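Colleague: Pasting a predicted model and its sequence here:
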Amino acid sequence: MTMLRLENVTVRYGGTVAVDGVSLAVEEGELLCVAGSNGSGKSTLLRGILGLVPLAEGRVERGRAAYVPQAEDSGPDFPATVWEVVLTGTQRPGWQLPLYSRSNRRAAAKALADLGLTRLARQGVGTLSGGQMQRVLLARALCGHAGLLLLDEPCAGLDPAMRRVLYDLLGRLRRDEGKTVLMVTHDLNEVRAFAGQGPIPPRVAVMEHGKLAFTGPLGDYGREGA
């Protein structure tokens, strides 16, 4: 089952083409890493998939998705706890009242436990480190039951041990729950080392100057002729 399909996706900023005619498909249970240097168009491509920037050409078809941005400083006075932020991930479009069911709370508690955040549940998010906040955003996405996870540099700010935990978790989600992951990353060597779990071998889409320079199995990228 195709969870994400891009057809000739093009994004322009004024007269500058930031993403140029990208077409690709991501299947259920797959991990696709979007890589490239700064300015290559990878982050703009993700924003186009999310509808955060308008497409000049092409179209995007996707299932229900959860987005994990790079963590930003929320400020020491931000009035929410870790538990409250993660629990918002269970909300559905069209909800009129901030009511949470028992199953919502179980999902939030599981996401906190999976990412080692249980002991921080009652702590204000404004007191967290960048790495801790990144895990909170991941937990919020995981408890929303979306089939497609869109991650923007999810390992930013995480120490090596927690990065391994993240890759193990993504592998379990792909293998056991059929989750599909599109992840913007700059470290393909780390993905090679840790992301082999799952029903489908990881793939990579490498962006250069707004275009797809390579797409295929991660194990093939970097080989002579690839």
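Modeller: Arrived safely, thanks for sending.

Colleague: where along this protein do the helices fall?
Modeller: 42-50, 82-87, 102-114, 130-142, 160-177, 188-194 (DSSP state H).

Colleague: What residues are bridge-paired with the residue most central in space within the chain?
Modeller: Against the mean C-alpha coordinate of the chain, by C-alpha atoms, centre = their mean, the closest residue is residue 151 at 1.4 Å. Under DSSP bridges, the beta-bridge partners of residue 151 are residue 68, residue 183.

Colleague: quick one: low-confidence ranges for the chain?
Modeller: By pLDDT under 70, the low-scoring segments of the chain are 71-77, 93-98, 196-199, 223-226.

Colleague: Please name whichever of the helices of the chain is nearest to residue 12.
Modeller: helix 42-50 (9.9 Å; C-beta to C-beta). In this view, the C-beta of every residue, glycine as well, is placed from N, C-alpha and C.

Colleague: contacts for the closest one?
Modeller: Residues outside helix 42-50 that contact it (C-beta atoms under 8 Å, 6 or more residues apart in numbering): 4, 6, 9, 11, 18-19, 22, 34-36, 53, 55, 60, 62, 65, 67, 150, 152, 182, 184, 207, 210.

Colleague: My understanding was that residue 11 contacts residue 60; is that so?
Modeller: No. Using C-beta atoms under 8 Å, residue 11 is not in contact with residue 60, being 10.9 Å away.

Colleague: higher neighbour count, those two?
Modeller: The neighbour comparison of residue 11 against residue 60 (other C-beta atoms under 10 Å) goes to residue 11, with 22 against 15.

Colleague: And that one, how close does it get to residue 18?
Modeller: 5 Å (C-beta to C-beta, to the nearest Å).

Colleague: what is in contact with those two at once?
Modeller: 41, 44.

Colleague: on that earlier part again, and the residue nearest to the centre of the chain, how far from residue 208?
Modeller: Distance from residue 151 to residue 208, counting by C-beta to C-beta: 21 Å.

Colleague: now swap in residue 21 and tell me
Modeller: Distance of residue 21 to residue 208, computed by C-beta to C-beta: 13 Å.

Colleague: just residue 175 next, same as before
Modeller: 32 Å.

Colleague: Next: residue 66.
Modeller: As judged by C-beta to C-beta, residue 66 and residue 208 stand 28 Å apart.

Colleague: who has more neighbours, these two?
Modeller: Ranked by neighbour count (other C-beta under 10 Å), residue 66 and residue 208 place residue 66 first, with 20 against 15.

Colleague: Verify the contact between that one and residue 150 for me.
Modeller: Yes. Counting by C-beta under 8 Å, residue 66 touches residue 150, with 7.0 Å between them.

Colleague: What is the neighbour count of residue 179?
Modeller: Residue 179 - counted by other C-beta under 10 Å - has 25 other residues nearby.

Colleague: ditto for the one 4 residues further on
Modeller: Each residue near residue 183 was counted by other C-beta under 10 Å, and the total is 24.
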